[in-house]
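Colleague: Sharing a model prediction with you, sequence too.
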There are 2 protein chains.
Amino acid sequence: MTTAPLSQLSTPAALVDIARMQANIETMQSRMNALGVNLRPHVKTSKCIDVARRQIAAGARGITVSTLKEAEQFFAAGITDVLYAVGMVPSKLPQAKALRDRGCDLKIIVDSVEAATAVAAFGRAHEHVFEVWLEVDTDGHRAGLAPEGDALIATGRALHEGGMKLGGVMTHAGASYELNTSAALEAMAEQERSRCVRAAERLRAAGLPCANVSVGSTPTALSAQRLDGVTEVRAGVYVFHDLVMVNVGVARMSDVALSVLTTVIGHQKEKGWALVDAGWMAMSRDRGTQKQTHDYGYGQVCDVDGNPVAGYVVDSANQEHGIIARIGEIDADIAARFPVGTMLRILPNHACATAAQFPEYVAVDGATLTAWPRFYGW
Amino acid sequence: MTTAPLSQLSTPAALVDIARMQANIETMQSRMNALGVNLRPHVKTSKCIDVARRQIAAGARGITVSTLKEAEQFFAAGITDVLYAVGMVPSKLPQAKALRDRGCDLKIIVDSVEAATAVAAFGRAHEHVFEVWLEVDTDGHRAGLAPEGDALIATGRALHEGGMKLGGVMTHAGASYELNTSAALEAMAEQERSRCVRAAERLRAAGLPCANVSVGSTPTALSAQRLDGVTEVRAGVYVFHDLVMVNVGVARMSDVALSVLTTVIGHQKEKGWALVDAGWMAMSRDRGTQKQTHDYGYGQVCDVDGNPVAGYVVDSANQEHGIIARIGEIDADIAARFPVGTMLRILPNHACATAAQFPEYVAVDGATLTAWPRFYGW
């Protein structure tokens, strides 16, 4: 912990504005409390125990992870209730079992009879009862069993009759990222809810257990009007927010808690370019706003205090060079506006992708700076 | 080092095919030897001392880095001749001086009178003579001084008369990545050469020293027909190659030495999708082939031995999910073709970006697997 100013930091650096992050955490937790469901944050966004602890302190119950490495790392840091939300394959079962043997309450997911059968066979062979949830497809964007299909029941049965604990159903309406009106978002949230609840009801009607009904994405979580039949919501990016979420309409630019601190290293004056030391290695190659209503290039330029400089974005990027330009019109005064050595903050398109480029965050609380390490790799 | 088969690896994993990499190293070094110039590889691609050592063993002289962290890491591993090829800003001068004080022969670059003056002022204040090269713009794609402009001479003079060592000129024709014919590539290589040599000649004519004339990018290095007046070439991605280089036309798919090992985790049969555990966290968000003649999505699918499966690409990606599909026509038999648990290799669009997602490589030499750590962060 230090009270040195930002100007003492080496750039590029990933800054977390603690006040904004805390407000994002409280907004989401309050919504979930009001809707009567648990919140199980997806920690793939931050991959940071300091962030997850704040989510849990605010009321979150357990975490969601995208890799078994994350499960191991967060479990080592003391979090035991973990849902691994990527379809399980046989080759990863020894790693999952080892975690459970050490006391981690790890839940795994499958979305086919084939995978369920493999899990059950491994479990029986090793005298281990895995808790398995079924992934349900509620929006057609990725994985999951159809809520109305025969395979849903057959998969549940393969687990239950195979001696595993069928723990529930889960879904992720990732298609919500493509929407940008309240009406469409509310409709998607209701679709996600109703189809996942329907899957749970069909399992129960078939005589199978289904205690947990888990739904979620940041856009649907922040748009749902009711969550009847749902037991928990998963969401990740809300903790930092980003320009994609601003375009979707579930965050304001002033909610974005993650930014990249960068330094101006040069200019091409006649082109209206300021070159900075945040290229795609720092921002990531994520161009998530490209197809949205407002394209922010590789990120929105802000002054060092975090105030957006309207119209200026990181227009293109090489590995360690970003090119800042004004959208639409060359700024002939760019060198005077952003002299060499000027520090700027860049808001990211996609917080999960940008954060992943950094070994650690610099958490900013007024004038107090603290290094928060991030987990990395598989 | 282990002789376990690939099937024992946890996925996703970044594989380096040592035989292909070694052939890429030898091809480039032979060209440079024939053209009578030194090769200073850019190690931002691999960020791996095991790779750099092989480049040096083949004849490379010194390295190029994109961050001072890389300079520190490679210097700690025993490499002393280092060019930091991103414009220097005053705030990084203490870090650069510390490296030089410890014995690193670090060269830095500037492309403005402003930056040159700042370097000279810092150097004089600390009684330190930095070696500084001038960045020259030969293709308009990014940074650098115009070879014919007054600022070139003024910047050189600010360094030389300011007491610094003016070590040479350097340029990078990154615009070569946008080309895809031999004629255009040869012309760009000649443009890069002639304009950089011209800058050197103008400096010398003005009475300023200019010992080094450094040019390069992988496409121009592999296309140049003559390099008169050039002392060294810098290139990075050639060591692994990637699908962007295949589209540019300076590599064959069978030259690509980096791939991501992944496992099939599920299917959406009616959509012709196979889901794998390599999403954008593994492949990176780089879509460098999107605007090229052949769009490979997030990468070309190969079998576990590295043989391309024609027509199949990673069509879309979430953080830890990749979606494999056949281009143009749904494969109704995708689940039979790639059953759950099948291991595949994915060739990347952009090796620098994909490699950066991994803490280490698995170097593959026949049946022998060796972990090679990568440097990370700033």
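Modeller: Now that the structure is in, tell me what you want to look at. Because the structure is predicted, anything quoted here is derived from the model rather than measured. Numbers count the residues shown, from 1 in each chain, chains lettered A, B, ... in the order given.
Colleague: helices or strands next to the helix ranked longest in chain A in the packing?
Modeller: In chain A, with assignment by DSSP state H, the single longest helix is helix A:182-205. For helix A:182-205, the contact count by 3 or more Cβ pairs under 8 Å, 6 or more residues apart in numbering or on different chains; DSSP states H and E identifies helix A:150-160, strand A:165-170, strand A:212-215, helix A:218-221 as packing neighbours. For the C-beta atoms, the positions are set from N, CA and C on the backbone; glycine is no exception.
Colleague: Now do it and helix A:150-160, the angle between them.
Modeller: Helix A:182-205 and helix A:150-160 are oriented at 50 degrees to each other (axes from the mean of the first three to the mean of the last three Cα atoms, to 10 degrees).
Colleague: what's the one helix or strand residue A:64 maps to in contact with?
Modeller: Element membership of residue A:64, judged by DSSP states H and E, is strand A:63-65. Contact partners of strand A:63-65, identified using Cβ atoms under 8 Å, 6 or more residues apart in numbering or on different chains, comprise A:40-44, A:52, A:55-56, A:71, A:74, A:79, A:81-85, A:234, A:236.
Colleague: In helices only, show me those.
Modeller: Going by DSSP H, the helices hold A:52, A:55, A:56, A:71, A:74 from those.
Colleague: Tell me the most packed of the residues you listed, by neighbour count.
Modeller: In terms of neighbour count, residue A:71 stands highest of these at 26 neighbours, by other Cβ atoms under 10 Å in any protein chain shown.
Colleague: Ok, which of the helices and strands packed on helix A:182-205 comes nearest residue B:286?
Modeller: Counting by Cβ to Cβ, residue B:286 lies closest to helix A:218-221 out of those; the figure is 24.2 Å.
Colleague: what is the mean pLDDT for the closest one?
Modeller: Averaging the model's pLDDT scores along helix A:218-221 yields 98.
Colleague: do stretch A:33-46 as well
Modeller: According to the model, stretch A:33-46 has a mean pLDDT of 98.
Colleague: Going by neighbour count, which residues of that stretch are buried?
Modeller: A:35, A:37, A:38, A:39, A:40, A:41, A:42, A:43, A:44, A:45, A:46 (16 or more other Cβ atoms under 10 Å in any protein chain shown).
Colleague: nearest spatial neighbour of the first one, skipping sequence neighbours?
Modeller: What that stands for is residue A:35. By the measure of Cβ to Cβ, 6 or more residues apart in numbering or on different chains, the closest residue to residue A:35 outside its immediate chain neighbours is residue A:227, 4.6 Å from it.
Colleague: Spit out the contact partners of that neighbour.
Modeller: A:35, A:36, A:37, A:193, A:215, A:233 are the contacts of residue A:227 under Cβ under 8 Å, 6+ apart.
Colleague: farthest-separated two in those residues?
Modeller: For the contacts of residue A:227, the farthest-apart pair by Cβ to Cβ is A:36 and A:215; their separation is 13.3 Å.
Colleague: between the buried residues of stretch A:33-46, which is closest to chain B?
Modeller: The nearest member of those to chain B, counting by Cβ to the nearest Cβ, is residue A:44 at 5.8 Å.
Colleague: Can you give me the pLDDT of the closest residue to that closest one other than its chain neighbours?
Modeller: Nearest residue to residue A:44, sequence neighbours excluded (Cβ to Cβ, 6+ apart): residue A:66, at 4.0 Å. On the pLDDT scale, residue A:66 is placed at 97.
Colleague: Could you name the helices and strands sitting against the one helix or strand residue A:372 maps to?
Modeller: For residue A:372, the host element (DSSP H and E) is strand A:368-373. Applying 3+ Cβ pairs under 8 Å, 6+ apart, we find strand A:368-373 packed against helix A:49-57, strand A:360-365.
Colleague: Now that strand: buried residues?
Modeller: Going by neighbour count (16+ other Cβ under 10 Å), the buried part of strand A:368-373 is A:369, A:372.
Colleague: For it, C-alpha coordinates in CSV please.
Modeller: Only the C-alpha atoms of strand A:368-373 are listed here, as CSV (Å, rounded to 0.1, in the frame of the first residue of the first chain):
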residue,chain,number,x,y,z
THR,A,368,-4.0,5.2,-1.7
LEU,A,369,-2.7,2.7,-4.2
THR,A,370,-2.6,-1.1,-3.4
ALA,A,371,-1.3,-3.9,-5.6
TRP,A,372,-3.9,-6.7,-6.0
PRO,A,373,-2.5,-9.9,-7.7
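Colleague: average pLDDT across that strand?
Modeller: Computed over strand A:368-373, the average pLDDT equals 97.
Colleague: same thing with stretch A:84-103?
Modeller: Stretch A:84-103 comes out at a mean pLDDT of 96.
Colleague: what residues are up against the closest residue in space to residue A:56 that isn't next to it in sequence?
Modeller: Nearest non-adjacent residue to residue A:56, counting by Cβ to Cβ, 6+ apart: residue A:79, 7.3 Å away. For residue A:79, the contact set (Cβ under 8 Å, 6+ apart) comprises A:49, A:52, A:56, A:62, A:63.
Colleague: Could you confirm whether stretch A:246-262 reaches chain B?
Modeller: No - contact of stretch A:246-262 with chain B (Cβ under 8 Å from any Cβ of the partner chain) is absent, the minimum separation being 10.2 Å.
Colleague: what's the average pLDDT for that stretch?
Modeller: Averaging pLDDT along stretch A:246-262 gives 98.
Colleague: cool, stretch A:344-363 as well?
Modeller: 98.
Colleague: Is any residue of it near chain B?
Modeller: Yes - Stretch A:344-363 lies within reach of chain B by Cβ under 8 Å from any Cβ, at A:350, A:352, A:353, A:356, A:357, A:358, A:359, A:360.
Colleague: Would you give the sheet partners of the helix or strand residue A:14 falls within, along with the direction of each?
Modeller: Per DSSP H and E: residue A:14 is located in strand A:13-17. Here strand A:13-17 is paired, per DSSP bridges, with strand A:258-268 (antiparallel), strand A:360-365 (parallel).
Colleague: circling back to that earlier point, out of the contacts of residue A:79, which is nearest to chain B?
Modeller: Chain B lies nearest to residue A:63 out of the contacts of residue A:79, by Cβ to the nearest Cβ, at 14.9 Å.
Colleague: so who does the closest residue to that closest one other than its chain neighbours touch?
Modeller: Leaving out its chain neighbours, the residue that sits closest to residue A:63 by Cβ to Cβ, 6+ apart is residue A:43, at 4.9 Å. Contacts for residue A:43 were tallied using Cβ under 8 Å, 6+ apart; they are A:51, A:52, A:63, A:64, A:65, A:70, A:74, A:236.
Colleague: what about the third one, how many neighbours?
Modeller: Looking back up the chat, that one is residue A:63. Neighbours of residue A:63 (other Cβ under 10 Å): 24.
Colleague: Which pLDDT value does the model give it?
Modeller: pLDDT, residue A:63: 98.
Colleague: Repeat that for the last one.
Modeller: Each residue has a pLDDT score; the one for residue A:236 is 98.
Colleague: Now do the contacts for it.
Modeller: By Cβ under 8 Å, 6+ apart, residue A:236 lies in contact with A:41, A:42, A:43, A:44, A:45, A:64, A:218, A:352.
Colleague: Among the strands paired with strand A:13-17, which comes closest to residue A:199?
Modeller: strand A:258-268 (34.2 Å).
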